[in-house]
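Student: Would you be able to build a 3D model of this:
(one chain, ligands or ions: 2)
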Amino acid sequence: MKHVSILSSLATSLSFSRAAPAISNPGASAAPISSQCINIEYRQNWIVAECLTGEDATTRIKSAVYLHNKIENSDGSLKWNAGGGYARTCADCQITGADAALSCSCGTSWNTGKPPNIIGTIKLDEHISVYNGHLLSNFPSTPAIPPISSKYAVPDDLSYSFGGLATCPEAGNESYDFCKMTTNSCHTSTNTSDTLDSRFFFTGPLTCYVPTIYFPAHFQFEALKLVSQGAWEVLGYRDETCSGEAIERVGPEDVGVCKKFGDQRVRALTIRPAFNGDPQ
Ligand SMILES: *[C@@H]1O[C@H](CO)[C@@H](O)[C@H](O)[C@H]1NC(C)=O
Ligand SMILES: *[C@@H]1O[C@H](CO)[C@@H](O)[C@H](O)[C@H]1NC(C)=O
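Tutor: Numbering: from 1, shown residues only. Ligands and ions are numbered 1, 2, ... in the order given. Have a look, this model is predicted:
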């Protein structure tokens with residue numbers, strides 16, 4: 001126990017002195033999860049916790065970081081990887097200990113001589129820290145520290161889905177538009193568990209995502225309906241590389257609304273939490 005507290009206070013002072021110059025907000029420094037947070041939870045492949053803002057000894061912000069797009073299962077070991085994907089082949093995950101270690105039962109590669117499932121562990125502290133009370137990751141890139149706390153709470157259910165009116169004229173011919181056949185239903189509804197119009201289902205943020213169900217059909221949206229319990233923000237882009245400004249936005253106030261876009265089609269989406277959640 002003594003060992004742990006010496007290590008974690010050493011880590012605190014190291015990260016304070018080292019992290020400060022790299023961060024745009026001069027008032028913020030990166031502090032370790034376990035020294036700042038309580039009620040640390042693993043939920044739908046996110047870490048959720050309530051962390052001290054630094055204002056005083058009790059003020060906390062509940063925030064969350066998505067893990068599935070940052071960690072991979074490499075033959076039973078958990079590793080940082082921008083492609084992520086561990087949750088497809090790992091189960092029974094939990095977060096424990098002074099270094100906020102994620103451990104799961106992870107599948108191994110066939111024919112390696114290992115048991116089919118072994119325990120994989122990774123220290124979340126290596127890339128996730130507390131900045132002014134916000135849990136944020138510096139992987140794959142430097143975090144932007146939110147200047148204020150969101151008015152939207154971290155939802156109990158972090159999943160969301162969307163559908164709407166789409167076409168993919170470039171993928172087929174005039175009489176056979178796969179996208180139009182599958183995604184052509186968009187009814188405004190306040191029922192946040194009614195996913196009848198949804199075709200795309202996610203539990204984490206997306207950066208410049210080009211909607212596809214089967215290659216090579218790239219969906220182009222004329223209208224989009226977001227269904228979620230939590231507050232998310234959808235930014236729609238004109239081209240698949242998300243160059244330039246977003247041309248459309250679907251915000252938390254639009255949940256359940258069939259939002260019709262203007263004349264331009266949306267070909268790629270960035271979807272990020274409007275609650276206190278890491279956008280990357
Ligand atoms: C259009 O594509 C569908 C599906 O590939 C095909 O069955 C149909 O014959 C095509 N029609 C024309 C006019 O090429
Ligand atoms: C909301 O939608 C779900 C799924 O379609 C349905 O089971 C439920 O009855 C609906 N709730 C209300 C209040 O209409």
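Student: How about the stretch 1-150 of the chain: which residue is closest to ligand 1?
Tutor: Residue of the stretch 1-150 of the chain nearest ligand 1, by Cβ to the nearest ligand atom: Arg88 (30.4 Å). All C-beta atoms are positioned from the backbone trio N, CA, C, and that covers glycine.
Student: So which elements touch the helix or strand hosting Ile47?
Tutor: Element membership for Ile47 (DSSP states H and E) is strand 46-52. Strand 46-52 sits against helix 33-36, strand 37-43, strand 60-66, strand 128-131, strand 134-137, with contacts defined as 3 or more Cβ pairs under 8 Å, 6 or more residues apart in numbering; DSSP states H and E.
Student: let's see it at 6 Å
Tutor: If contacts are counted by 3 or more Cβ pairs under 6 Å, 6 or more residues apart in numbering; DSSP states H and E, strand 46-52 sits against strand 37-43, strand 60-66.
Student: how about it as CSV, C-alpha atoms only?
Tutor: Provided in CSV are the C-alpha atoms of strand 46-52 (Å, rounded to 0.1, in the frame of the first residue of the first chain):
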residue,chain,number,x,y,z
TRP,A,46,-15.9,3.3,-22.1
ILE,A,47,-14.2,4.3,-18.9
VAL,A,48,-16.6,6.5,-16.9
ALA,A,49,-15.5,8.3,-13.7
GLU,A,50,-16.1,11.3,-11.5
CYS,A,51,-12.9,13.3,-11.2
LEU,A,52,-11.7,16.3,-9.2
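Student: For it, give the mean pLDDT please.
Tutor: Averaged across strand 46-52, pLDDT comes to 98.
Student: List the contacts of Leu67.
Tutor: Taking Cβ atoms under 6 Å, 6 or more residues apart in numbering, we find Leu67 in contact with Asn45.
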